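Novice: please find the sequence and the predicted model below.
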Amino acid sequence: MFFVRNRHARHLAALLSMGFALVACNLTFAQQSSSTEPSNPLVTILQKKGLLTSEEVKQIESSVSPQQANERLAQILYGKGVISATDYTQIAGKTPESPAQALQAAVAAVKTPAAPAVAAASEAKPKPSGPIAAITPIRALPVGVVKHDAVVPAFKADGVGFTPYGFVKVTAVEDSSSPGGDDFPLPGFLSDTGPEGAPEFHLKARATRIGSNFFWYDPSEKWDITGKVEVDFEGNFNRSDNRNISTIRSSNPSLRVAWARLDYSPNKNNSFSALFGQDWTPFGSSTLPNILETTGLGIGFGSLYERDPQMRFGYTHQAHGVKVEPEFAITMPAEGLPPSSTYMSQQLGYGERQGPDSNRPDEEARVAVQWQLDHAAGVAPAQFIVSAEHGDRTAIVLASAVPTAYQKTFPTGATAKSYSDGWDVEAQLPTRYATLIGKFYSGADLRFFFAGQLYSMFHDETGLTATASATSVDGASTLIFGTNAQGHQVVAPERPVRADGGFAQLALPLSRIFKARAASRNAGWTLYMLYSVDQAKTRDLLRVDGVRRYSTLAAGTLNYSLNKWVSFSAEESLYTTHANPELTLPLFRGVHSREWNDVRSEFGPVFTF
């Protein structure tokens, strides 16, 4: 008896228990019949119930053997979520890779003429593997149910399945200008560069990543319980007595994501989800550029993303080949504020203060729509996403830190409040010969999401006199005290720096375009072309004395996959920051300049496991 998930469960379970035998019995008649109606009773019923299309019926009845008919029907039903991976394995005698690949395999098989059933084994030719897959965008956030049986676990322990994964990544990097000494790019004009522009060479392995997927077994087919833990080594270096000489080779492992998720599917068209842990944020993180440099994935250059502790809840409805998923999350109210070195120990000991001191979570939401734009084999669905966020923060000055002239008005201390707002529109459009992705965002105080030229907020001192400043309790900012036009002593309001930006990336599956054989060594060539921009509002920059007006990134990445596990990448990129012409021009190469440039070359292999 098969376990099925749809509203016709009782009838369909009985039909499936005898249906594959009926496929075999009627196969010969189906091949000879000229009728447009399916000859197999089970296939006829499944088609009338809307579980099989006419094209899928043709795929099943074009089979040349009962075994092939069984496998094609199982592939289609598994791909649609009607039967589970366990059911598929019992029918087809092998383990499926994923529902999407099962459907693609069924389509690819029928489009390729099969060898005659009477051919001798010694004369049988290898089955063609179908076309080279098109390029699938990076999708940090899925749409729909995260299936617990989508991947066979590497091992199981007490009802929990584990599937480790990761990669070893080593790259050589040359920057024409890296004044901060970093092995990843940041916007320019953070400091002067010296007479030659501060060129640097780095060789790094700290982009290596390790993780594991988890799933918990549940007796009900309606529940999927999954999880993920992932770390890399792109955080701080160790500082200890036995590392003082060789610190730079000793990166600390740092947490990327760690979450557990519940998915409940009352029927095949609807599902509910709840995620608890640290994951990519619903705001801005659905669409990410695919580039070789990941330590700084477009920080200040238009990428816009973040990972944050959160509780996220979603609902997915699918009908007529379209999935619609709204999600809402409360996230850790963190803020991208730069604490001074004097207060670094407080930041490490207590975490960032000004977000939690607002005493409310950040609120984020997204709506994602997924559909099949190109129905060719090996092409992933397209997505369109809209997302938004709102967060508050509070800066606190203790009574002991209030300037003397204002202590009578503020005897117990003072606070100032600000906010972060943002929205974006994202699109992912895979086709058989090109994949186009991109996003546009706009908002205020987007430093935490690596945007807004890394500016946060400014003090609005308009109309204030006799001003004085005091450092906040966390050392991340100051509060400005002053006297307004009415003669009242007040704290200057804090205003966020507004910004907008985005990126577009075109990916070309070169091997597919030039019709390379899927089994050949030339099957793994791809090319990515990226342009992105991040810009702060000049009107706000004048209030914060911001010298960086906007930054752009143009990059080309050529990838070659030697096989499923080993690939090589070469990336050429140009990082540019433009100065705010309304202020004194900052220094680059020791002279006042309107533009800073970093020509960056990076190359290296990635070994996946």
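Specialist: That came through, no problem. No experiment lies behind these values; they were computed from the predicted model shown.

Novice: which residues of the stretch 401-550 of the chain score low on pLDDT?
Specialist: Filtered on pLDDT under 70, the stretch 401-550 of the chain yields no residues whatsoever.

Novice: and stretch 45-56, how far apart are its ends?
Specialist: For stretch 45-56, the first and last residues are 13 Å from each other (CA to CA, to the nearest Å).

Novice: pLDDT of that stretch, averaged?
Specialist: The average pLDDT within stretch 45-56 is 71.

Novice: so where do the strands sit in the stretch 501-609 of the chain?
Specialist: With strands called from DSSP state E, counting those that start in this stretch, the stretch 501-609 of the chain shows them at 525-536, 548-561, 566-579, 587-588, 591-592, 595-608.

Novice: leaving out sequence neighbours, find the closest residue to residue 508.
Specialist: Among residues not flanking residue 508 along the chain, residue 527 sits closest, at 4.7 Å (CB to CB, 6 or more residues apart in numbering). C-beta coordinates here come from the backbone N, C-alpha and C atoms, glycine included.

Novice: I'd like to know how many residues surround residue 404.
Specialist: Counted with other CB atoms under 10 Å, residues neighbouring residue 404 total 7.

Novice: right, I mislabeled it, should have said residue 476
Specialist: Considering only other CB under 10 Å, residue 476 is surrounded by 22 other residues.

Novice: now do it against residue 397, distance only.
Specialist: Using CB to CB, to the nearest Å, we find residue 476 at a distance of 12 Å from residue 397.

Novice: same question, residue 163
Specialist: Relative to residue 397, and taking CB to CB, residue 163 is found at 50 Å.

Novice: do the same with residue 516
Specialist: 65 Å.

Novice: okay, the two: which has more neighbours?
Specialist: Neighbours of residue 516 and residue 397, each counted by other CB under 10 Å, are more numerous for residue 397; the result is 24 against 18.

Novice: which residues touch the more buried one?
Specialist: For residue 397, the contact set (CB atoms under 8 Å, 6 or more residues apart in numbering) comprises 410, 413, 414, 415, 470, 471, 472, 473, 479.

Novice: rewinding a little: and the strands of the stretch 501-609 of the chain as a markdown table, adding mean neighbour count?
Specialist: Below are these laid out as a markdown table (neighbours: other CB atoms under 10 Å):
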| stretch | mean neighbour count |
| --- | --- |
| strand 525-536 | 21 |
| strand 548-561 | 20 |
| strand 566-579 | 19 |
| strand 587-588 | 21 |
| strand 591-592 | 10 |
| strand 595-608 | 18 |
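
Novice: what's the closest of those strands to residue 221?
Specialist: Evaluated over these, closeness to residue 221 peaks at strand 595-608, with 31.5 Å, by CB to CB.

Novice: how much does that closest one deviate in direction from strand 548-561?
Specialist: Here the directions of strand 595-608 and strand 548-561 differ by 30 degrees (axes from the mean of the first three to the mean of the last three CA atoms, to 10 degrees).

Novice: strand 595-608 vs strand 566-579, what angle?
Specialist: Inter-element angle recorded for strand 595-608 and strand 566-579: 160 degrees (by the same axes, to 10 degrees).

Novice: which helices and strands sit right next to strand 595-608?
Specialist: If contacts are counted by 3 or more CB pairs under 8 Å, 6 or more residues apart in numbering; DSSP states H and E, strand 595-608 sits against strand 160-169, strand 171-175, strand 566-579.
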